[in-house]
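Asker: okay, predicted coordinates and the sequence, questions at the end:
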Amino acid sequence: MVKIITAKEAIKFFKNGQTIMVGGFLNCGSPTMVIDEILQTNLKDFTLIANDTGTPDSDKGKLIVARKIKKAIVSHIGTNPETVAQYNTGDLEVDLEPQGTLAERIRAAGAGLGGILTPTGVGTLVAENKQIITVDDKEYLLEKPLFADIAMVYATYADKYGNLSFYGSTKNFNAIMPPAAKIVIAEADELIEPAIDPNNVVVPSIYVDYLIVKDKKHG
């Protein structure tokens, strides 16, 4: 069975300078409890891998405002003016990735692949300093996998074994990040007893290390 912990207990897994993944698409399906605990510490210099940097008053965005992030690997930053401001002053490094490429780089890490080949970005600034491979007379960029020390993900439902399931679009990046991280901390809205129907499991328990359950007052 997965170990159920509080958000405060999760802090012991974090260190300065780690690479962290945070699930969600803006505020849809974003983990929040551990982030709020990080904000109460002196932890800093994280590399963030996420779809976006949120908004200044929400989840990932709060980490940007608090200057906990030194580099962000994301697909867009337009909803967070603080990200733009820190980038313009040189206080924050931003690696903007096409959204599909970002997702596939994360997926490649979880699948044990050496990278992916994509035509997206060929002939643009995205291709700078990247290896170009020609297959059947067509050029592709070699995009390397993205790994993380810790992934923080959200789940609508979890069971005591650590299986995760999602409602609607909350699945987003939460479903692909767990295999790509050394430690996975999932925040679930509800604990299903005795277990989630196997047909509804999206993230198998083998990928989840720790679980925080909101409705059981964990965190």
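Answerer: Good, I have the coordinates. Residues are numbered from 1 along each chain as shown.

Asker: can you give me the helices in the chain?
Answerer: For the chain, the helices defined by DSSP state H occupy 7-10, 33-38, 59-65, 81-88, 99-111.

Asker: redo these as JSON lines? Include mean neighbour count.
Answerer: Glycine gets a C-beta too; all of them are placed from N, C-alpha and C. Output for the helices of the chain, formatted as JSON lines (neighbours: other CB atoms under 10 Å):
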{"stretch": "helix 7-10", "mean neighbour count": "18"}
{"stretch": "helix 33-38", "mean neighbour count": "21"}
{"stretch": "helix 59-65", "mean neighbour count": "24"}
{"stretch": "helix 81-88", "mean neighbour count": "17"}
{"stretch": "helix 99-111", "mean neighbour count": "20"}
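
Asker: now distance to residue 135 and mean pLDDT too, for these, in a markdown table please.
Answerer: A markdown table is the format used below for the helices of the chain (distance: least, CB to CB, whole Å; pLDDT from 0 to 100):
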| stretch | distance to residue 135 | mean pLDDT |
| --- | --- | --- |
| helix 7-10 | 43 | 97 |
| helix 33-38 | 41 | 97 |
| helix 59-65 | 35 | 97 |
| helix 81-88 | 34 | 97 |
| helix 99-111 | 16 | 97 |
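
Asker: who's in contact with the closest residue to residue 18 other than its chain neighbours?
Answerer: In this structure, residue 18 finds its nearest non-sequential neighbour in residue 149, 4.1 Å apart by CB to CB, 6 or more residues apart in numbering. Contacts for residue 149 were tallied using CB atoms under 8 Å, 6 or more residues apart in numbering; they are 15, 18, 19, 20, 181, 182, 183.
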